[in-house]
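Asks: missing the sequence, but the structure's below:
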């Protein structure tokens, strides 16, 4: 392997890390901050909606395909800009108290999620453009590895730091510094993309006008849905959380169709052509439903897992950080590696079905923890350690059932994710890979984002044990969809060929 290829692969590894760092800071780490700050479970669930930009990123992804910032190249300019914005958003968020100013905190978190989702769009496009076809398999593995290392830092080590330092604000300021350093690395060291990667040939003014029209349609649809419910006598500020949830879902249901209509009417060419290309595929709508449903059970179980462990089971932040965020994520990586080895022999359909069943079974671990309680399987002592960037000063007792439940859940989640990413790759048209992947990954995030408010209300209403049984049931439709679409899935894979064959030929 020559120096240029090595340089490209190291760049992809670094960008995987940069992509993974902000996600937990608007998810599980933020959830831990809210829990220790005394915010109630239902409110924590609703604050999960700050991740909404991850599900809408395909709307502005075409602009990042069409336009390039001067002097820095096709993708690098957008990378530097989004990473600087992430550093600023993290610093702002660090200065806010979620208990004292929840609305300002939510605004900062939404801003952080928006720039994080935008960075993901650019990174996915950069990885596609910069890697030669023969480098894509190894490049994908390195990207996942960097992403998971970042999740260990922001989703696990951050919890330990927060307990040791006694301040979540300090943790978020450190993360802001890391993102600032990432922007410097992107500016000074990343290789430029191939000259063959050029902006789409379309009228720039028309594209911008179409984008503005689409945004206007989205806002008009959201407000119209809100006014309709108010006209029916409902109050958006009702103390009933189910009524509040109805307003959120109705706003989304009204926003997307009207936004799509406006984009078509005015002429947002890049978005329109990308969507037309995707929906021309046989079974496109069924595949979209499968993407939403496949990880739904995982989304329910994981949406409040940190709050469940800290508030519901009274585990310490350090214990949750060690088990759920450090050991657990390493097991996710191991699960992905195991899945890759198995998929050398399995078709994509077989991998999706078998790994999906394992994901469903893993949710019973949380149910057992809720029913049996801490200490049911004993515990073991983790010896003190000091790795420089994180340390455990005294021996820590780790609950046996907690370790088993989290370990199995992360292992099977890694296996399911490996098969799921293979499915998303198979559905992308390379002519519109950036926008298509943004669309598909946004839909994949629907479960993770939109079940959060429902989860908070449900857990508060029925209790933790019934909630986790519900998460098991929620995994069923996705498995049924895989079985129902077996012929179409095998068709993506060229008949009976293995996933490895398809990925190798991508």
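Replies: Yes, it's here. From a predicted model like this one, the values you see are computed outputs, not experimental measurements. Residues are numbered from 1 along each chain as shown.

Asks: Pull out the buried positions in stretch 243-260.
Replies: Burial within stretch 243-260, assessed by neighbour count using 16 or more other C-beta atoms under 10 Å, is assigned to 244-248, 250-252, 254-256, 258-260. From N, CA and C alone the C-beta is placed, and that goes for glycine too.

Asks: repeat for stretch 34-46
Replies: Judged by neighbour count (16+ other C-beta under 10 Å), stretch 34-46 contains these buried residues: 34-36, 39, 41-46.

Asks: got it, and stretch 366-376?
Replies: Of the residues in stretch 366-376, those with enough neighbours to count as buried (16+ other C-beta under 10 Å) are 366-370, 374.

Asks: just the strands in this structure please.
Replies: Listed in chain order, the strands of the chain (DSSP state E) span 379-382, 385-386, 391-392, 396-399.

Asks: Where among those is average confidence lowest?
Replies: The stretch with the lowest mean pLDDT among the strands of the chain is strand 391-392, at a mean of 61.

Asks: Spatially nearest residue to the spatially most central residue of the chain (excluding sequence neighbours)?
Replies: Within the chain, the residue whose C-alpha comes closest to the C-alpha centroid is residue 445; the distance, by C-alpha atoms, centre = their mean, is 5.6 Å. If you skip the residues right next to it in sequence, residue 445 has residue 54 as its closest partner in space, 4.3 Å away by C-beta to C-beta, 6 or more residues apart in numbering.

Asks: cool, residue 488 as well?
Replies: Nearest non-adjacent residue to residue 488 (C-beta to C-beta, 6+ apart): residue 283, at 4.7 Å.

Asks: Then residue 369?
Replies: Closest residue to residue 369 in three dimensions, ignoring its sequence neighbours and counting by C-beta to C-beta, 6+ apart: residue 405, at 5.1 Å.

Asks: Next one: that neighbour relative to residue 363, how far apart?
Replies: Distance of residue 405 to residue 363, given as C-beta to C-beta, to the nearest Å: 9 Å.

Asks: just checking, residue 17 touches residue 151?
Replies: No. Contact criterion C-beta atoms under 8 Å: residue 17 and residue 151 do not qualify, at 9.5 Å.

Asks: Among those two, which residue is more densely surrounded?
Replies: Under the criterion of other C-beta atoms under 10 Å, the comparison of residue 17 against residue 151 puts residue 151 first, with 25 against 20.

Asks: ok, the more buried one to residue 413 distance?
Replies: Residue 151 sits 12 Å away from residue 413, taking C-beta to C-beta as the criterion.

Asks: same check, this time on residue 376
Replies: Between residue 376 and residue 413 the distance is 23 Å, computed by C-beta to C-beta.

Asks: Next: residue 28.
Replies: When distance is defined by C-beta to C-beta, residue 28 is 13 Å away from residue 413.

Asks: Residue 470 now?
Replies: With distances defined as C-beta to C-beta, the gap from residue 470 to residue 413 amounts to 18 Å.

Asks: Can you pick out the residue with more neighbours from the two?
Replies: Per other C-beta under 10 Å, whichever of residue 470 and residue 413 has more neighbours is residue 413, with 25 against 19.

Asks: Quick check: that one touching residue 301?
Replies: No. Here residue 413 lies out of contact with residue 301, judged by C-beta under 8 Å, at a distance of 9.4 Å.

Asks: Now for these two: what residues contact both?
Replies: Residues touching both residue 413 and residue 301 (C-beta atoms under 8 Å, 6 or more residues apart in numbering): residue 362.

Asks: Who are the contact partners of residue 109?
Replies: When the contact criterion is C-beta under 8 Å, 6+ apart, the partners of residue 109 are 26, 30, 47, 50, 93.

Asks: hmm, 6 Å instead?
Replies: By C-beta atoms under 6 Å, 6 or more residues apart in numbering, the contact set of residue 109 is 26, 50.

Asks: Please tell me how far the residue nearest to residue 369 sits from residue 148.
Replies: Relative to residue 148, residue 405 is positioned 20 Å away (criterion: C-beta to C-beta).

Asks: now do residue 352
Replies: To residue 148, residue 352 is 21 Å away according to C-beta to C-beta.

Asks: quick one: which of the two has more around it?
Replies: Set side by side, residue 352 and residue 148 show more neighbours around residue 352, with 27 against 20, by other C-beta under 10 Å.

Asks: Hmm, that one is touching residue 481, no?
Replies: No. Counting by C-beta atoms under 6 Å, residue 352 does not reach residue 481; the two are 9.4 Å apart.

Asks: sorry, back to before: taking the buried residues of stretch 34-46 together, which two end up most distant?
Replies: For these, the maximum inter-member distance is 18.0 Å, found between 36 and 46 (C-beta to C-beta).

Asks: Next, count neighbours for residue 355.
Replies: Residues contacting residue 355 under the criterion other C-beta under 10 Å number 28.

Asks: What's the separation between it and residue 286?
Replies: According to C-beta to C-beta, residue 355 and residue 286 sit 20 Å apart.

Asks: OK, contacts around residue 104?
Replies: Taking C-beta under 6 Å, 6+ apart as the definition, contacts of residue 104 comprise residue 96.

Asks: now residue 211
Replies: Contacts were defined as C-beta under 6 Å, 6+ apart; by that measure residue 211 touches residue 268.

Asks: can you rerun that using 10 Å?
Replies: Residues in contact with residue 211 (C-beta atoms under 10 Å, 6 or more residues apart in numbering) are 59-60, 62-63, 66, 262-263, 266, 268, 270-271.
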